[in-house]
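Asker: requesting a structural model of the entry that follows:
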Amino acid sequence: MWLAALASEWWRINFGDIVTVSLSPFDYEVMLLNQVTSVPLIDLVVLISRIIAMVAGVLLIISAVKPLNRWSKKLIEYSWSKIPSYFVVIILIALIMTAIVSKSTSVIEAIVRNWFPVESIVANGEMFFTGSMTLTVTAHYSQQLVILDIPVTASFGSSFYVAIVTTALCGAYRVLSYVAAKRFSKASAQGQAKV
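Answerer: Residues are numbered from 1 along each chain as shown. Next up is the predicted model:
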């Protein structure tokens, strides 16, 4: 399942092929006018994310060798929680970005004004994680008023849905292991009471 998660982005937002942002816990890509750009701080965060995922995987393998040892349970608890945490992070980023695009165009306007003489940016429609809408950009260029309608689309990739299944399996594992531990401790207590 991890290989599927590495295969492609979990979430993507595209601003009329001018800016495209693709995200996954293990990689990101920002394309500005078909040129890949990079942010060193985000590169570092992605590298740390990859290392944590690899460590979690190794710890799961180690804990599977002797699952009944007391240290094995701690390794499993640490490792299993990584997959859902990646899922939550991508959901939060998608929520924040679509909220900014839909509701707070002043944030986008402030960023764009650093490079272009933009008068206003107005959102036509709303997005919540996925969907499409249009941003109407009004600017002055060569003493002429220019109005651009930029289509914005956001979508989850197939790897995101694999992450949902993986997260559900992690949750099911936690519930089943909790129930099994309760039954085992109850059976042990009853067995000791009979002796």
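Asker: check which helices and strands the top helix by length along the chain is in contact with.
Answerer: Taking DSSP state H as the criterion, the chain has its longest helix at helix 158-194. Here helix 158-194 touches helix 2-7, helix 70-80, helix 82-103, going by 3 or more CB pairs under 8 Å, 6 or more residues apart in numbering; DSSP states H and E. C-betas here are computed from N, CA, C, even on glycine.
Asker: mind checking which of the ones you listed is nearest residue 14?
Answerer: Residue 14 lies closest to helix 82-103 among these, at 11.0 Å (CB to CB).
Asker: give me the contacts around that closest one.
Answerer: Outside helix 82-103, the residues that touch it by CB atoms under 8 Å, 6 or more residues apart in numbering are 5, 10-11, 13, 21, 23-25, 49, 52-53, 56, 107-108, 123, 125-129, 131, 133, 135, 152, 154, 156, 160, 163-164, 166-167, 170-171.
Asker: in that helix, what's buried?
Answerer: Using 16 or more other CB atoms under 10 Å as the test for burial, helix 82-103 gives 82-84, 86-87, 90-91, 93-94, 97-98, 101-102.
Asker: ditto for stretch 106-121
Answerer: Buried residues in stretch 106-121 (16+ other CB under 10 Å): 108, 109, 112, 118, 121.
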